[in-house]
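Colleague: A predicted structure for the sequence below; I have some questions about it.
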Amino acid sequence: NNSDVEEASLFLEEYNNVSQTTFNRNMEAAWTFNTNITNENQKKMVEVQLETDLWQQEMANRAAAFNTSAFNATMQRQFYKIKDIGTAAMTDHGKLQKLNEVLSDMESIYSTGKVCFAENDCKPLDPDITRLFETSRDEQKLRIAWKGWRDQTGRKMRDLYTTFHSFCVYPCVCVGYADTGAYWRSWYEMDTFDQEVKRLFEQLKPLYEQLHAFVRQRLKKQYGAAIFPQTGHIPAHLLGNMWAQSWNSLQDLLMPFPSKPILDVTEEMVKQKYTPRKIFEVSDDFFKSLGMIEMPFEFWNKSMLERPAGREVVCHASAWDFYNGRDFRVKQCTDITMDHLSTAHHEMGHIEYFLQYRNQPLVFRDGANPGFHEAVGDVISLSVETPKHLNKIGLLPNYVEDNETDINFLMAMALQKIAFLPFGYLIDQWRWSVFKGVTKASDYNKAWWNLRCGLQGVSPPVPRSEEDFDPGAKYHIPGNTPYIRYFVSYVLQFQFHKALCGIAGHNGPLHTCDIYNSSAAGQKLSAMLSKGSSQVWTESLKELTGQTTMSAQPLMDYFQPLLDYLRAANGDEVGWSDDCPSFAD
Ligand SMILES: C[C@H](NC(=O)O)C(=O)O
Ligand SMILES: [Zn+2]
């Protein structure tokens with residue numbers, strides 16, 4: 001085959017030109033469906049997706065005709081990525097079409113799901129049911145909504161997911177991999193990746209157990225011990241979130257020192273008449289303060305920053321690269337809450353990454369690994385959410401710093417970051433076992449609740465069975481978006497934060513650091529982001545932090561003062577038993 005470097009360069013040039021228009025067209029069709037869910041838009045998206053997959057197959061086949069062994073590392077990496085196209089490699093085009101249809105059907109069921117409290121009283125997840133979980137302390141109403149959401153989403157997807165699943169086990173359609181899970185893990189370019197995340201999870205478990213014990217004890221006071229199972233689990237509908245994945249909306253119940261000012265600035269945002277646009281301008285301002293790239297004209301012109309009236313949309317927030325170096329958008333049904341301020345930073349972090357690597361060859365316009373992409377915005381939020389910064393931008397007017405507010409702040413951050421860890425870890429534990437064929441369709445829900453009970457210490461508030469399909473009630477399962485990336489991000493973002501705080505000249509504990517206005521930090525971060533996926537992520541990590549491995553140490557150092565407080569407050573009432581209460585066999 002062909003080892004001619006000249007021809008190889010011409011092929012890469014052609015690929016980089018044609019791929020921009022091919023992927024741009026694909027993103028536009030997906031955007032049209034995501035911002036207006038209709039049968040016609042769904043059909044069009046599936047059609048364009050198939051055409052894009054087939055184009056990728058053709059390019060992969062042409063790339064395979066080259067012998068790259070004598071090419072330089074960058075060319076070799078580009079050829080590798082052009083050939084590494086996952087499920088798009090499926091040669092049975094009928095099956096490929098069916099796969100894309102099943103996925104879009106599940107996405108549609110999830111995004112149009114509503115919880116009905118009465119005949120003509122049905123509410124969507126965003127904003128209504130999300131607000132209910134954040135603000136209601138009515139256990140019965142929460143239980144109805146918890147069950148209703150799962151009846152209207154997961155329960156309706158079980159057969160579709162079983163069909164999807166049949167495409168993803170061995171012989172995997174992702175050419176060259178044992179199954180789809182193996183393909184997804186390959187993006188981390190280390191064959192010990194699953195052991196690495198397991199090691200990190202075990203290392204962080206003691207922090208989670210202490211937080212879980214403290215929250216359980218407070219919630220028992222709030223709701224009475226009678227509705228808590230003897231096994232030590234926390235009923236999942238009481239944790240302020242539809243999936244019990246972040247507990248920060250319970251701050252009013254959980255502050256160690258309740259006499260001090262509350263750190264949830266939602267009320268102040270509403271009082272100051274914040275709009276969705278204002279929320280994104282606050283985030284844009286932070287990136288500008290670091291000397292990074294500000295949001296371009298198209299971003300403000302073409303994003304969907306709030307839920308439109310009169311049509312169905314996919315409300316789960318996401319950031320979009322239209323692969324032409326100019327057009328980048330966020331789609332978010334923004335509500336005026338602190339959680340959405342944080343989400344806006346998360347999504348804009350993706351856009352900043354797109355902007356930083358927009359001149360890379362197309363196959364390098366990606367995160368160094370998927371966890372990097374999820375971490376960018378959250379790193380900025382670690383500065384924004386400090387009381388010092390919230391005070392600076394006028395959202396926390398009467399704030400006085402002392403030891404008690406310090407612990408309160410760490411508790412607020414732990415309810416976001418520590419609470420998330422087992423959830424961020426378990427979703428792909430479940431999915432990888434499904435893709436491997438270890439978890440069969442007949443055990444989907446049992447395997448799910450074994451993980452939810454075992455790792456997260458939560459229990460279902462109503463009995464579950466294999467009639468249900470609770471994984472389908474979480475966006476990323478019907479959306480087929482890998483999830484371990486968020487667990488990786490929650491570890492990496494503290495490593496990034498520690499490094500950037502050092503560069504910004506911060507003195508004192510990590511949790512008081514705010515890198516706002518530090519052009520030195522901005523330059524260092526930009527330099528790393530601009531590399532995209534052109535080099536292995538350990539090189540990118542080294543350029544930013546000096547380390548070449550993921551480390552939970554910065555996260556643990558950040559929360560150390562809280563851990564000391566929790567250990568003293570909890571005594572030995574810590575942990576839960578492995579058996580899963582109220583799972584009907
Ligand atoms: C943590 C994850 N974030 C995201 O999807 O952007 C979630 O919302 O479940
Ligand atoms: Zn994200």
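Modeller: That came through, no problem. Predicted, not measured: the structure shown is a model, and the values here were computed from it. Residues are numbered from 1 along each chain as shown. Ligands and ions are numbered 1, 2, ... in the order given.

Colleague: alpha carbons only for contacts and neighbour counts from here, please
Modeller: Will do.

Colleague: mind saving the C-alpha coords of stretch 60-75 as CSV?
Modeller: Extracted in CSV, the C-alpha atoms of stretch 60-75 (Å, rounded to 0.1, in the frame of the first residue of the first chain):
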residue,chain,number,x,y,z
ALA,A,60,-11.6,5.5,6.8
ASN,A,61,-11.2,3.0,3.9
ARG,A,62,-9.1,5.5,1.9
ALA,A,63,-7.0,6.2,5.0
ALA,A,64,-6.4,2.4,5.5
ALA,A,65,-4.8,2.3,2.1
PHE,A,66,-1.7,4.2,3.5
ASN,A,67,1.2,2.6,5.2
THR,A,68,1.8,5.3,7.9
SER,A,69,4.8,3.6,9.7
ALA,A,70,7.2,6.1,8.2
PHE,A,71,5.0,9.2,8.7
ASN,A,72,5.7,11.7,11.5
ALA,A,73,3.8,11.2,14.8
THR,A,74,1.2,14.0,14.0
MET,A,75,0.4,12.5,10.7
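
Colleague: mind checking how far that stretch is from the chain centre?
Modeller: Distance of stretch 60-75 from the chain centroid (CA atoms, centre = their mean, to the nearest Å) equals 33 Å.

Colleague: Contacts for it, please.
Modeller: 1-5, 8, 11, 76, 79, 82-85, 534 (CA atoms under 8 Å, 6 or more residues apart in numbering).

Colleague: Switch the residues you listed over to JSON lines; also include distance to M27, neighbour count and secondary structure.
Modeller: Output for the contacts of stretch 60-75, formatted as JSON lines (distance: CA to CA, whole Å; neighbours: other CA atoms under 10 Å; DSSP: H, G, I helix; E, B strand; the rest coil):
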{"residue": "N1", "distance to M27": "34", "neighbour count": "8", "secondary structure": "coil"}
{"residue": "N2", "distance to M27": "33", "neighbour count": "12", "secondary structure": "strand"}
{"residue": "S3", "distance to M27": "34", "neighbour count": "14", "secondary structure": "coil"}
{"residue": "D4", "distance to M27": "34", "neighbour count": "13", "secondary structure": "coil"}
{"residue": "V5", "distance to M27": "32", "neighbour count": "16", "secondary structure": "helix"}
{"residue": "A8", "distance to M27": "27", "neighbour count": "20", "secondary structure": "helix"}
{"residue": "F11", "distance to M27": "23", "neighbour count": "17", "secondary structure": "helix"}
{"residue": "Q76", "distance to M27": "27", "neighbour count": "15", "secondary structure": "helix"}
{"residue": "F79", "distance to M27": "23", "neighbour count": "24", "secondary structure": "helix"}
{"residue": "I82", "distance to M27": "18", "neighbour count": "21", "secondary structure": "helix"}
{"residue": "K83", "distance to M27": "20", "neighbour count": "19", "secondary structure": "helix"}
{"residue": "D84", "distance to M27": "20", "neighbour count": "19", "secondary structure": "coil"}
{"residue": "I85", "distance to M27": "17", "neighbour count": "18", "secondary structure": "coil"}
{"residue": "S534", "distance to M27": "22", "neighbour count": "23", "secondary structure": "coil"}
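
Colleague: from the residues you listed, which has minimum pLDDT?
Modeller: Lowest pLDDT among the contacts of stretch 60-75: N1, with 71.

Colleague: Would you reformat the contacts of stretch 60-75 as TSV and include distance to E202?
Modeller: TSV is the format used below for these (distance: CA to CA, whole Å):
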residue	distance to E202
N1	48
N2	48
S3	47
D4	49
V5	47
A8	46
F11	46
Q76	37
F79	37
I82	36
K83	36
D84	32
I85	33
S534	31
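
Colleague: Considering those, which is situated nearest to H316?
Modeller: Distances from the contacts of stretch 60-75 to H316 were compared by CA to CA; the smallest belongs to I85, at 25.3 Å.

Colleague: Return the closest of the contacts of stretch 60-75 with respect to K273.
Modeller: Set against K273, the nearest of the contacts of stretch 60-75 by CA to CA is S534 (43.0 Å).

Colleague: Please list all residues in contact with the closest residue to that closest one other than its chain neighbours.
Modeller: Leaving out its chain neighbours, the residue that sits closest to S534 by CA to CA, 6 or more residues apart in numbering is F364, at 5.0 Å. By CA under 8 Å, 6+ apart, the residues touching F364 are 78, 357, 531-534.

Colleague: what's the answer for S303, then?
Modeller: Neighbours of S303 in contact, by CA under 8 Å, 6+ apart: 328-331.
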